[in-house]
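Chemist: Need a 3D model of the following:
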Amino acid sequence: MIQSILKIVVGLIAILATSLAMASVDANTGSTAELRSINGLGPTVSQAIVDERKSGKFKNWADFIKRVKGVGNARANKLSKAGLTINKMPLNK
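Modeler: Prediction:
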């Protein structure tokens, strides 16, 4: 009985860890599909991110906001909270 409960708990922890790891997508490396998995990013802005980074990686959030049409400070904050990162960093770090 205890072994069964322990297996369930370990399985739930593994699922939670996988979910958390998948929730973060970096704008410099994520595919269009991965970017679209971020709540608030649709196909148009996801493609704009991919297209814009062809000119060079985003240096930081300020650079990202400046270069990606349709993303201002408020939207960047929401995207960061939803899991978007720039160089593996959320907006407020």
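Chemist: Surely Arg53 is in contact with Gly30?
Modeler: No: the criterion here is C-beta atoms under 8 Å, and Arg53 misses it with Gly30 at 9.6 Å. Where you see a C-beta, it was placed from the backbone N, CA and C, and this is true even at glycine.
Chemist: And the two? Which one has more around it.
Modeler: Gly30 (22 against 17; other C-beta atoms under 10 Å).
Chemist: just checking, next helix/strand downstream of the lowest-mean-pLDDT helix or strand in the chain?
Modeler: The least trusted helix or strand in the chain, going by mean pLDDT, DSSP states H and E, turns out to be helix 2-23, with a mean of 61. Downstream of helix 2-23, the next assigned helix or strand under DSSP states H and E is strand 25-26.
Chemist: any idea how far that next one is from the chain center?
Modeler: How far strand 25-26 lies from its chain's middle: 4 Å, per C-alpha atoms, centre = their mean, to the nearest Å.
Chemist: Mind giving me the packing neighbours of the helix or strand that it is followed by?
Modeler: Heading C-terminal from strand 25-26, the first helix or strand you meet, by DSSP H and E, is helix 32-36. Counting contacts by 3 or more C-beta pairs under 8 Å, 6 or more residues apart in numbering; DSSP states H and E, helix 32-36 is packed against helix 43-52.
Chemist: Take the helix or strand following the helix it packs on, keep the C-alpha atoms, and write them as CSV.
Modeler: The element immediately downstream of helix 43-52 (helix or strand, assigned by DSSP H and E) is helix 61-67. The C-alpha trace of helix 61-67 is given here as CSV (Å, rounded to 0.1, in the frame of the first residue of the first chain):
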residue,chain,number,x,y,z
TRP,A,61,13.6,42.6,-22.8
ALA,A,62,14.0,46.3,-23.8
ASP,A,63,15.5,45.2,-27.2
PHE,A,64,12.7,42.7,-27.6
ILE,A,65,10.0,45.3,-26.9
LYS,A,66,11.6,47.7,-29.3
ARG,A,67,11.9,45.2,-32.2
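Chemist: Quick check: buried residues in helix 61-67?
Modeler: Neighbour counts over helix 61-67 (16 or more other C-beta atoms under 10 Å) mark Trp61, Phe64, Ile65, Arg67 as buried.
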